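Chemist: next one to model:
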Amino acid sequence: MRADATRNLERVLSTGARMLADDPSATIAAIAAAAGVDRRTVYRRFASREDLMAAVYGARYDAVEKAIEAARLREAPVEVALHRYVEGIIAVNRKWPVETSRMLREETLRERRRGLIDEVDAFLRRATDEGLLRSDLPPGWVATVLPPLMVHAAEDLPELSAAQAADLVVDTLLRGVGRESPRTVRPGKPAPVRP
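Modeler: Alright, predicted model coming up:
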């Protein structure tokens, strides 16, 4: 694919993701116009709106896979991997804000999603085994709580970079939102003196 065709496709898909997130009934013509690409070009590439939507969702999953790979969930120290993962997913959620559950009827996307979930679940078990996460929580609790934190950080904190938003999400996940205990010891802080 030529470089300009690749750029046009990327613009169509990322514009489509934003528009479909706001209006699931957005048309190919509207997406093409917003992307600054001739609609005939888009129609030549995608025979139907469903084909375009499938390409948008596929591009989102490509980005999620890259974020998971970059986080090095199996090799990096767990706290580093957690931050990299959260930062990467926040960036994906900002670029590809479309809700993927609409396309999960398609077998290929369902299989890709399952593989990604399995990879993250294995990492969360590792983080628990290594003591970063509590072991007394109900099974699957962290996997249930973390995704909405990342979505809210991506959508509701646009003034923060993905790294800053990840700092907030990871701190919230690991330390909660309650007031800091006077007995809490953080790296770089001296231990509290007991009376």
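
Chemist: so the residue nearest the centre of the chain is in which element?
Modeler: Centroid-nearest residue in the chain, with C-alpha atoms, centre = their mean: residue 89, separated by 2.6 Å. Using DSSP states H and E, residue 89 falls within helix 78-95.

Chemist: quick check: buried residues in the helix or strand that that helix is followed by?
Modeler: Later in the chain than helix 78-95, the nearest helix or strand by DSSP H and E is helix 107-129. For helix 107-129, burial by neighbour count (16 or more other C-beta atoms under 10 Å) applies to 109, 112, 113, 119, 120, 123, 124, 127, 128. For glycine as for every other residue, the C-beta is placed from the backbone atoms N, C-alpha and C.

Chemist: angle of helix 107-129 against helix 78-95?
Modeler: Taking axes from the mean of the first three to the mean of the last three C-alpha atoms, to 10 degrees, helix 107-129 and helix 78-95 form an angle of 150 degrees between their directions.

Chemist: in terms of secondary structure, what does helix 107-129 contact?
Modeler: Applying 3 or more C-beta pairs under 8 Å, 6 or more residues apart in numbering; DSSP states H and E, we find helix 107-129 packed against helix 49-71, helix 78-95, helix 141-156.

Chemist: turn those into TSV, columns for distance to residue 14 and mean pLDDT.
Modeler: Listed next are the helices and strands packed on helix 107-129 as TSV, based on distance: least, C-beta to C-beta, whole Å; pLDDT from 0 to 100:
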stretch	distance to residue 14	mean pLDDT
helix 49-71	8	91
helix 78-95	6	97
helix 141-156	15	96
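
Chemist: of all the ones you listed, which one is nearest residue 17?
Modeler: helix 49-71 (5.1 Å; C-beta to C-beta).

Chemist: in that closest one, what's buried?
Modeler: Per 16+ other C-beta under 10 Å, helix 49-71 contains these buried residues: 49, 52-61, 63-64, 67-68, 71.

Chemist: likewise stretch 22-33?
Modeler: 26, 28, 31, 32.

Chemist: of the buried residues of helix 49-71, closest to residue 153?
Modeler: residue 67 (14.1 Å).

Chemist: the closest one contacts residue 89, doesn't it?
Modeler: Yes - here residue 67 reaches residue 89: they are 5.6 Å apart, a contact under C-beta atoms under 8 Å.

Chemist: list the contacts of the closest residue to residue 15 other than its chain neighbours.
Modeler: Distances taken as C-beta to C-beta, 6 or more residues apart in numbering place residue 35 nearest to residue 15, at 3.9 Å, with adjacent residues excluded. Applying C-beta atoms under 8 Å, 6 or more residues apart in numbering to residue 35 gives the contacts 8, 11, 12, 14, 15, 16, 42.
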